[in-house]
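Participant: Structure of the sequence below:
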Amino acid sequence: MTPILKIKILEVCDKKIAQKGTNVGISFYAFFKNKNDTPELLMEAATWWIQTHTLDHFEKAVKIKELVKNL
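Facilitator: Okay, the predicted model is just below:
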């Protein structure tokens with residue numbers, strides 16, 4: 001995982017957890033704007049989420065944060 005994506009995921013997870021609590025769920029789309037201006041980064045996130053970890057569409061932000069921190 002590229003450092004840019006790792007930072008982005010951790011920032012979004014922290015923000016969502018702070019706003020909605022530790023039970024909040026997210027998908028990998030949460031890391032991107034509605035108009036995706038970084039398709040390569042989106043594909044990297046999708047590959048990591050779907051192929052590498054076979055995660056469900058929505059997962060707990062705390063789980064994703066832990067996975068990313070342990071890379």
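
Participant: Please make it C-alpha for all contacts and neighbour counts, starting now.
Facilitator: Will do.

Participant: just so I have it, where are all the strands in this protein?
Facilitator: Applying DSSP state E to the chain gives strands spanning 25-26, 59-60.

Participant: Who does the last one pair with, and is each partner parallel or antiparallel?
Facilitator: Yep, that's strand 59-60 we're talking about. Next to strand 59-60 in the sheet, as set by DSSP bridges, lie strand 25-26 (antiparallel).

Participant: got a list of contacts for the strand it pairs with?
Facilitator: His57, Phe58, Glu59, Lys60, Ala61 (CA atoms under 8 Å, 6 or more residues apart in numbering).

Participant: Please repeat the previous calculation with a cut-off of 10 Å.
Facilitator: With CA atoms under 10 Å, 6 or more residues apart in numbering as the test, strand 25-26 has contacts from 12-13, 16-17, 56-64.

Participant: quick one: which of the strands of the chain is nearest Lys8?
Facilitator: strand 25-26 (13.4 Å; CA to CA).

Participant: roughly how far is the closest one from the heart of the chain?
Facilitator: Here strand 25-26 is found 9 Å from its chain centre; the criterion is CA atoms, centre = their mean, to the nearest Å.

Participant: same check, this time on stretch 35-54
Facilitator: Worked out by CA atoms, centre = their mean, stretch 35-54 lies 9 Å from the chain centre.

Participant: distance between the ends of it?
Facilitator: Using CA to CA, to the nearest Å, the span of stretch 35-54 from its first residue to its last is 25 Å.

Participant: coming back round to it: can you tell me which of the contacts of strand 25-26 are buried?
Facilitator: Among the contacts of strand 25-26, those classed as buried by 16 or more other CA atoms under 10 Å are Val12, Cys13, Lys16, Ile17, Glu59, Lys60, Ala61, Val62, Ile64.

Participant: Go through these and name the one nearest Lys35.
Facilitator: Out of those, the member with the shortest distance to Lys35 (by CA to CA) is Val12, at 16.9 Å.

Participant: Okay, the closest residue to that closest one other than its chain neighbours and Lys6: tell me how far apart.
Facilitator: Computed as CA to CA, 6 or more residues apart in numbering, the closest residue to Val12 that is not its neighbour in sequence is Phe31, at 6.4 Å. Look at Phe31 and Lys6: by CA to CA, they are 10 Å apart.

Participant: Thanks again, I'm all set now.
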